[in-house]
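Colleague: Task: produce atomic coordinates for the following.
(chains A, B, C, D, E, F, G, H, I and J)
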Number of protein chains: 10
Amino acid sequence: MSLIGKEVQPFQAKAYHPVNDEFIDVTEESLKGQWSVVCFYPADFSFVCPTELEDLQEQYDTLKDLGVEVYSVSTDTHFVHKGWHDNSEKIGKIKYPMIGDPSGTVSRNFDVLNEESGLADRGTFVIDPDGVIQTVEINADGIGRDASIIVDKIKAAQYVRKNPGEVCPAKWEEGSETLTPSLDLVGKI
Amino acid sequence: MSLIGKEVQPFQAKAYHPVNDEFIDVTEESLKGQWSVVCFYPADFSFVCPTELEDLQEQYDTLKDLGVEVYSVSTDTHFVHKGWHDNSEKIGKIKYPMIGDPSGTVSRNFDVLNEESGLADRGTFVIDPDGVIQTVEINADGIGRDASIIVDKIKAAQYVRKNPGEVCPAKWEEGSETLTPSLDLVGKI
Amino acid sequence: MSLIGKEVQPFQAKAYHPVNDEFIDVTEESLKGQWSVVCFYPADFSFVCPTELEDLQEQYDTLKDLGVEVYSVSTDTHFVHKGWHDNSEKIGKIKYPMIGDPSGTVSRNFDVLNEESGLADRGTFVIDPDGVIQTVEINADGIGRDASIIVDKIKAAQYVRKNPGEVCPAKWEEGSETLTPSLDLVGKI
Amino acid sequence: MSLIGKEVQPFQAKAYHPVNDEFIDVTEESLKGQWSVVCFYPADFSFVCPTELEDLQEQYDTLKDLGVEVYSVSTDTHFVHKGWHDNSEKIGKIKYPMIGDPSGTVSRNFDVLNEESGLADRGTFVIDPDGVIQTVEINADGIGRDASIIVDKIKAAQYVRKNPGEVCPAKWEEGSETLTPSLDLVGKI
Amino acid sequence: MSLIGKEVQPFQAKAYHPVNDEFIDVTEESLKGQWSVVCFYPADFSFVCPTELEDLQEQYDTLKDLGVEVYSVSTDTHFVHKGWHDNSEKIGKIKYPMIGDPSGTVSRNFDVLNEESGLADRGTFVIDPDGVIQTVEINADGIGRDASIIVDKIKAAQYVRKNPGEVCPAKWEEGSETLTPSLDLVGKI
Amino acid sequence: MSLIGKEVQPFQAKAYHPVNDEFIDVTEESLKGQWSVVCFYPADFSFVCPTELEDLQEQYDTLKDLGVEVYSVSTDTHFVHKGWHDNSEKIGKIKYPMIGDPSGTVSRNFDVLNEESGLADRGTFVIDPDGVIQTVEINADGIGRDASIIVDKIKAAQYVRKNPGEVCPAKWEEGSETLTPSLDLVGKI
Amino acid sequence: MSLIGKEVQPFQAKAYHPVNDEFIDVTEESLKGQWSVVCFYPADFSFVCPTELEDLQEQYDTLKDLGVEVYSVSTDTHFVHKGWHDNSEKIGKIKYPMIGDPSGTVSRNFDVLNEESGLADRGTFVIDPDGVIQTVEINADGIGRDASIIVDKIKAAQYVRKNPGEVCPAKWEEGSETLTPSLDLVGKI
Amino acid sequence: MSLIGKEVQPFQAKAYHPVNDEFIDVTEESLKGQWSVVCFYPADFSFVCPTELEDLQEQYDTLKDLGVEVYSVSTDTHFVHKGWHDNSEKIGKIKYPMIGDPSGTVSRNFDVLNEESGLADRGTFVIDPDGVIQTVEINADGIGRDASIIVDKIKAAQYVRKNPGEVCPAKWEEGSETLTPSLDLVGKI
Amino acid sequence: MSLIGKEVQPFQAKAYHPVNDEFIDVTEESLKGQWSVVCFYPADFSFVCPTELEDLQEQYDTLKDLGVEVYSVSTDTHFVHKGWHDNSEKIGKIKYPMIGDPSGTVSRNFDVLNEESGLADRGTFVIDPDGVIQTVEINADGIGRDASIIVDKIKAAQYVRKNPGEVCPAKWEEGSETLTPSLDLVGKI
Amino acid sequence: MSLIGKEVQPFQAKAYHPVNDEFIDVTEESLKGQWSVVCFYPADFSFVCPTELEDLQEQYDTLKDLGVEVYSVSTDTHFVHKGWHDNSEKIGKIKYPMIGDPSGTVSRNFDVLNEESGLADRGTFVIDPDGVIQTVEINADGIGRDASIIVDKIKAAQYVRKNPGEVCPAKWEEGSETLTPSLDLVGKI
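Modeller: Numbering: from 1, shown residues only, chains lettered A, B, ... in the order given. Below you'll find the model as predicted:
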């Protein structure tokens, strides 16, 4: 049974927030009252990761406009997140909170902790304002994620939430026609 | 711990194959020796599903050219798949095998069976020629999947497999430059 | 120990009701307050099944006159029931509710779920207005059921319920003489 | 999960065989190599039972011609069966073996033992020459069984066994047309 | 540890009472307030049993005069008891209630049920007015019981109950001298 | 389930044998190859017991002639048995072995040990030459046993053993007619 | 962990008290309010035992003067104790209560029951007026106990109880100097 | 069940041997091939203990002549034993090995370890050349042991071992008459 | 997980306090309200130990001035501690309490008990006034501890406790500059 | 029980080795064949840690001359170790391998993982060439370690290893006199 439709389990974590250059507390409650994207990656100071996080930063303003907060998570500490932010050109651009998860609690809650390596899989989650997981995407190492897809998913999820009773067909994009499910549609589409 | 990097568990299933209008056997062995996309959806004769499956059909030639076979799976029987194929305009276009999973074995193997409803979540999986899961994507009801993204993921996954030691940064597209990980890159990208 | 004399276990299900072309909720409570026939079969869009269900439809008016509601059940969804009703000439005639049981809960409650195949055995049950099972009949694939026998069983069961203390000998038909059990009959009949 | 398609579990029993007025041994092996009807009833010297057993006797010649052996079973001993046969006019006509099951082993094997009362439910079973159960019918007290239906079921079961690949629609009677299942029939009948 | 001095465990049973030719209910409470003899035997319509039960009937008046009720018990039903009583010359003479124990509950309570055969051993029990077992006698098949011995045992048991503090030596018969235990007798008798 | 038809469980015991005024070993093997009567009683130097044991001694010659050995058993030691034999007039007459069972092993094997008091119930057992228990008789305190009955039981048991296929009716005495069970006798006696 | 300093566990027993030639009840409460010597031995009417018990009797007046009651215990019954007392010259002299322990409860409470033989080891215990065990002495068969030592132990134990804070050195005898423990004595004696 | 008649359980310990002023290894094997006295006491440098150990030393020559080795044991280390021996006048006289048991293994093997305090009870054990415990004596604090009694016990135990079949009555002393158990003695002594 | 930051578990122990030459009680509560050094060592009267304890005594005045109490602990008793103190020149100088732990409770609480030998490892613990362990140091046999290091650790721990928010760099000595952690220091020192 | 004297448990880890600026594999086998110092600390890019690691670096040449390899360990990855080494002035001086332990396996093996925080305690371990732990030192946060003490401990441990039978008194420094343990020293030092 997948995590779709399940509420995020409780956790407590420290994050590095680049905007005020400060350490903040983040819990499962922080994910409620607004839409959230939670983006796991294996390790600071390693490969691919920077480009994915940079790509996510490029969509950050758009996501903010949609009422979405972004959190990146690895099993590195918040100290290391600051150290990486201070020293990496790409990471230095990041403006969203970077959660440190050295105990692996957050990663376990999202079923993406590799217990053998102690590192998180590359999972991205869209969470609605009730703290309920709406989309899951996980890729093997070497297969990068495209942050613009997250924007599309958020828009579709927000539309469904605002318009209960309508459903989005595949490849739905903002403004296109959606379907209102009714018995007449059975076997007709 | 996610399914990424894990081999598909054994299963036995009947599928409706529209090309020869016949019923065929599919097992976990059928997924080996070529790339596969396995696309779960909740129910035949219901909403959204048809458009997603149609969208996947539109990418089917491209995927075939990349050496990829596509399988759709629901907990309906192969009889129902044929009945739906015969009677729905959109579904009638489908050319890939449609797996029937009334016992839920296949859906359970991919962790997408909702035991309460007896239906599968909307999960899409890319599987490499060794039967190992490379990507997972699962969406809540109402959030459609875009089949073109699958094509990009397949290409990235195939590149990494052919070029061990290189990694794809985010938003990688065919032909763009990839990264070869080395110690010099730590903290430099 | 057989199910005879046992009350139907709780369940919740969606059914397609052809009369108003709508989806309705059915529970174990729906089976109380009137006589019911519950008829399980393996799969929509498969063989034999249509003729059995059609045969049952032909007795439907008679059964209605006897105060009996009829329910067919398979592990297909209510969506598929509608799809089949819309597209099959024989099934299109059906006027009784068709229960969808994709999670297998109803079939398990009546001990007719084949866990390996995920399909129901061909079981027919007569249930009295207290929700208590009065007759069980189950056939292997290929052996059709004759709906007119159900009518006879209902009549016998209703007679016994109205006339406690009398019993029906074998081959009892409506109006024929019944037996009132007494000590004098021991070893005499 | 019902008993349909399951092989009869091992048992050892004594039976009274009226033809030679002798006691014989019956085991699950006795049920192989020919078709069998096994008819359970609650108690010798009680009501309804005699008429059902007499009804079965009236079909005995027909069943014998079809290669079928009949066994009646109650939790009375074989001594009591003889005593009843000697003293009851109706039972005195019986020519088939009457199995005594005082330990309840046979009744438990067919899931028809009421542990509280120590008596068997009114179950009738058709068993094929491999000892595999093909039909189950169980009625509450007061609802008699019609032995002529058993004859029809036997004929249908024998036809399917001789003609693998064909199936009998509902209300099939000897000589009427049967269906050969093929993909073309899906949704067409 | 034997059943001597233990109270009879609860049971519920149907008995055939020949005096009024009726079926009655018997429980462990029926055994209280008077002395009882409970006589188990394996099977109606079998051998030895009739002569033992007939022998018991011959002592019935004597036992009645001593305030004793007699119950015979087998795992046959009360229907069969009536059937046997109606048809056997010897059994037809019986005037005491014949308990039917098809579920084996009564026989298990007295530790005389042979679970393999489902039949009772040949046990005879004397029970005092408090429902407490005073004597046990069980014989293998083929070794008949002599009912006159029961009469002697009842008399001895009644004497001890009425005269607490006295004990009966071996071979005590009504009217003969009994012993009052005292310290002086230690090693003297 | 009673001990009838069960083989005696293994035990090791010391006995006082009055004939040679010696202590001997007795095991379950000692009970094989001849008929045995094993007579339990609660306590040496207590009441009733002496008269019962004296009564048994009076039948000892008769029993010896029938090929029967007699053993008395209490949870007293063999030392006490000798002490009692030396000092009690009645016990001094005894010629059969008196088993000491201070550990209660023998009494437990025959289900007559009262664990609370540590004493044996008044049980008498007839055992055949295969070490199989043929009759059980247990009385409450104060109800003496009549040794002459044992003689009758031995004779009946020996007759059945020598004449398999015949059975003894109740009150059988040596020389009287026995019954050979056959189907013709069912319901006739 | 030994029994020293532990309170005697609850028990209920019958004893033969020679003084009034009567049977009395003894419990763990009987051991409180005065000093007690409890002397276990294996078996009445066996060897050594008589001389040990006679020896204890010779010290009985001295012990009585010290406020000590003596109890002998074996797994024989109180009946046997009386029988032995009546018939043995040495035992006939005994004036202290002789506890019968056929169930072994008392012997188990003092950890001296040999479960295999059902007999007690030769243990002697001194118990203070609170029912607390002060000394344990157990010998193998053949090694007699010297009752005069018990007198010395009682005196030492009584002195320590009356003079808390003083301790008796080895070989202390009444009237000799005792030691009052203080820090100054460490390593000095 | 007491330790009498049981073989000493395996242990490994260091002891201080005053004779050569050295540390030696002692195991359960060291206790075999000669008689042993093992004397437990709570603590070095505490009260009573020195006088008991000194008293034992005074009997050491006598015991040696009888082929007996003496071991004292406390849960102190062998280092402390030497320290005590060096500094205490009384202990300085000791010539037998002093076992150190800081892990409590030896004390546990003899059931004299008080787990709460970590100290041994005042137990003395006589062990025969087969390593089998022959006598147990344990006293509460404040009740000294008299070593001369040990000498008497050793002599009695050695006599019994050399003269199997004879037993020592109470208060036996070397040279006095012993008893040879025979049936004639039962109840005579 | 180490003991650092954990509160000392409850214990009860006797100690020898040399100052008043008396025995005192010490519990985990004694360790609260002041700083404590608890120093475990294997055995009194053994090697190395004396020099370590002497070395600790030489720092005792300094530690007292810092508000620190010192406790030495071994599994020897408090009696032995006094005996050692009385007889060893080096140990005779000690002024701090010496805890006796013969049951091993204290050593187990600090995870330094070697269960096989029953002796403590050479562990030294600094405990703050809340009873919380601040430093652990354990050495193998033969590697002595330098008490002056303890003084440095105490000073550092006291400084941190008085100045929350500052941290001591390595090799901190009293009066040298400490660090106040702030985000600016990340990666800068 | 402490880790002193225990062999290091198996582990597999990646380390950053600054000398050749490369990633290397380290296992428990790497710790054998030479002396090792393993130094745990909580987190890269945090406080105190840098000064401790710098201090250790300053002793690195001395330790190398003594045949000692140094390993630092935190639950950060080897990627982060390199990132920190590249960007911190103090850490940039380090020449010894820095083990990454994101799964916590190494920290758990040395009992210094805080499972709640996912970080290691500040533990330092000296390990001999057999992989056996010789010293443990763990400090709370804020109490720095002095690397020069490690040098002293190594020297003492190496001396003891080379000179079995001698022991180092407290405060031993290279070249000072050591003690050879002998019985004469008991209580003399």
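Colleague: Secondary structure class of A:Lys95, three-state.
Modeller: Following DSSP: H, G, I helix; E, B strand; the rest coil, A:Lys95 is assigned to coil.
Colleague: give me the beta-bridge partners of A:Ser74?
Modeller: A:Ser74 has these beta-bridge partners by DSSP bridges: A:Gly100.
Colleague: what pLDDT does A:Gly165 get?
Modeller: Looking at A:Gly165, its pLDDT stands at 68.
Colleague: cool, and A:Cys168?
Modeller: Taking A:Cys168 on its own, its pLDDT is 53.
Colleague: Kindly report the same for A:Pro50.
Modeller: At A:Pro50, pLDDT is 72.
Colleague: So which bits of the host helix or strand of it are buried?
Modeller: Using DSSP states H and E, A:Pro50 sits in helix A:49-58. Within helix A:49-58, the residues scored as buried using 16 or more other CB atoms under 10 Å in any protein chain shown are A:Cys49, A:Pro50, A:Thr51, A:Glu52, A:Leu53, A:Glu54, A:Asp55, A:Leu56, A:Gln57. C-beta here means a position set from N, CA and C on the backbone, and glycine is covered the same way.
Colleague: and after it, which helix or strand comes next?
Modeller: That would be, after helix A:49-58 and using DSSP H and E, helix A:60-65.
Colleague: So what's the gap between that following helix and the chain middle?
Modeller: On the basis of CA atoms, centre = their mean, to the nearest Å, helix A:60-65 sits 13 Å off its chain's mean C-alpha point.
Colleague: packing partners for that helix?
Modeller: In this structure, helix A:60-65 makes packing contacts with strand A:68-74, helix A:147-162, judged by 3 or more CB pairs under 8 Å, 6 or more residues apart in numbering or on different chains; DSSP states H and E.
Colleague: Return the member of those having the minimum mean pLDDT.
Modeller: When I compare those, helix A:147-162 is least confident, with a mean of 90.
Colleague: Looking at the helices and strands packed on helix A:60-65, which is nearest to F:Tyr71?
Modeller: strand A:68-74 (83.2 Å; CB to CB).
Colleague: Quick check: pLDDT value at the closest residue to A:Asp76 other than its chain neighbours.
Modeller: Spatial nearest neighbour of A:Asp76, excluding adjacent residues (CB to CB, 6 or more residues apart in numbering or on different chains): A:Asp44 at 4.5 Å. The per-residue pLDDT reported for A:Asp44 equals 95.
Colleague: Next, count neighbours for A:Asp44.
Modeller: 31 (other CB atoms under 10 Å in any protein chain shown).
Colleague: what's near enough to touch the closest residue to chain G within chain A?
Modeller: Of all residues in chain A, the one sitting closest to chain G is A:Ser103 (44.0 Å; CB to the nearest CB). With contacts defined as CB atoms under 8 Å, 6 or more residues apart in numbering or on different chains, A:Ser103 is in contact with J:Glu115, J:Glu116, J:Ser117, J:Gly118.
Colleague: could you dump those to JSON lines with distance to G:Val126, pLDDT and secondary structure?
Modeller: Shown next, in JSON lines, are the contacts of A:Ser103 (distance: CB to CB, whole Å; pLDDT from 0 to 100; DSSP: H, G, I helix; E, B strand; the rest coil):
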{"residue": "J:Glu115", "distance to G:Val126": "55", "pLDDT": "93", "secondary structure": "coil"}
{"residue": "J:Glu116", "distance to G:Val126": "56", "pLDDT": "94", "secondary structure": "coil"}
{"residue": "J:Ser117", "distance to G:Val126": "60", "pLDDT": "95", "secondary structure": "coil"}
{"residue": "J:Gly118", "distance to G:Val126": "62", "pLDDT": "96", "secondary structure": "coil"}
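Colleague: so where is chain A shaky, pLDDT-wise?
Modeller: Chain A contains residues with pLDDT under 70 at A:47-49, A:165-189.
Colleague: Just the buried residues out of the contacts of A:Ser103, in ChimeraX syntax.
Modeller: Selecting only the buried entries of those in ChimeraX, with 16+ other CB under 10 Å as the criterion:
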select /J:118
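Colleague: need the contacts of A:Ser103 in CSV with distance to chain B, can you?
Modeller: Below are the contacts of A:Ser103 laid out as CSV (distance: CB to the nearest CB, whole Å):
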residue, distance to chain B
J:Glu115, 18
J:Glu116, 21
J:Ser117, 22
J:Gly118, 17
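Colleague: Can I get the contacts of A:Ser103 in CSV including distance to H:Asp76?
Modeller: Formatted as CSV, the contacts of A:Ser103 follow (distance: CB to CB, whole Å):
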residue, distance to H:Asp76
J:Glu115, 40
J:Glu116, 42
J:Ser117, 43
J:Gly118, 45
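Colleague: right, and out of the contacts of A:Ser103, which lies closest to chain F?
Modeller: Within the contacts of A:Ser103, proximity to chain F (CB to the nearest CB) peaks at J:Glu115, which comes in at 51.3 Å.
Colleague: Excluding sequence neighbours, find me the nearest residue to that closest one.
Modeller: Closest residue to J:Glu115 apart from its sequence neighbours, by CB to CB, 6+ apart: I:Met1 at 6.2 Å.
Colleague: gap between stretch A:76-95 and the chain center?
Modeller: 18 Å.
Colleague: again, but for stretch A:23-37
Modeller: For stretch A:23-37, the distance to the chain centre is 11 Å (CA atoms, centre = their mean).
Colleague: Give me the contact list for it.
Modeller: In contact with stretch A:23-37 (CB under 8 Å, 6+ apart) are residues A:8-17, A:38, A:56, A:63, A:66-71, A:78, A:82, A:97, A:99, A:109, A:124-131, A:150, A:154, A:157-158, I:183.
Colleague: again, only using 6 Å
Modeller: A:8, A:10-15, A:17, A:67-70, A:78, A:99, A:126-127, A:129, A:131, A:150 (CB atoms under 6 Å, 6 or more residues apart in numbering or on different chains).
Colleague: before we move on, what about stretch A:73-88?
Modeller: Contacts of stretch A:73-88 (CB under 6 Å, 6+ apart): A:14-16, A:18, A:23, A:40-41, A:44-45, A:91-92, A:98-102, A:104, A:106, A:118-120, B:187, I:186-187, J:43-46, J:80, J:87, J:102.
Colleague: Confirm the residue of chain A closest to chain G sits in a helix?
Modeller: No - assessed by three-state DSSP, A:Ser103 does not belong to a helix; its assignment is coil.
Colleague: Could you pull out the buried residues of stretch A:104-115?
Modeller: Neighbour-count burial for stretch A:104-115, counted by 16+ other CB under 10 Å, picks out A:Gly104, A:Thr105, A:Val106, A:Ser107, A:Arg108, A:Asn109, A:Phe110, A:Asp111, A:Val112, A:Leu113, A:Asn114.
Colleague: do the same with stretch A:59-74
Modeller: A:Gln59, A:Tyr60, A:Leu63, A:Val68, A:Glu69, A:Val70, A:Tyr71, A:Ser72, A:Val73, A:Ser74.
Colleague: what do you get for stretch A:16-23?
Modeller: A:Tyr16, A:His17, A:Pro18, A:Phe23.
Colleague: For that stretch, list the C-alpha coordinates in PDB.
Modeller: Extracted in PDB, the C-alpha atoms of stretch A:16-23 (Å, rounded to 0.1, in the frame of the first residue of the first chain):
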ATOM      1  CA  TYR A  16      19.100  25.500   7.900                       C
ATOM      2  CA  HIS A  17      17.100  28.400   6.500                       C
ATOM      3  CA  PRO A  18      19.300  30.400   4.200                       C
ATOM      4  CA  VAL A  19      17.100  33.500   4.000                       C
ATOM      5  CA  ASN A  20      17.900  34.700   7.600                       C
ATOM      6  CA  ASP A  21      21.000  32.400   7.800                       C
ATOM      7  CA  GLU A  22      19.500  30.700  10.800                       C
ATOM      8  CA  PHE A  23      18.700  27.300  12.200                       C
END
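Colleague: next one: it to chain centre, how far?
Modeller: 19 Å.
Colleague: from the contacts of stretch A:23-37, which would you call buried?
Modeller: For the contacts of stretch A:23-37, buried by 16+ other CB under 10 Å: A:8, A:11, A:13-15, A:17, A:68-70, A:78, A:99, A:126-127, A:131, A:150.
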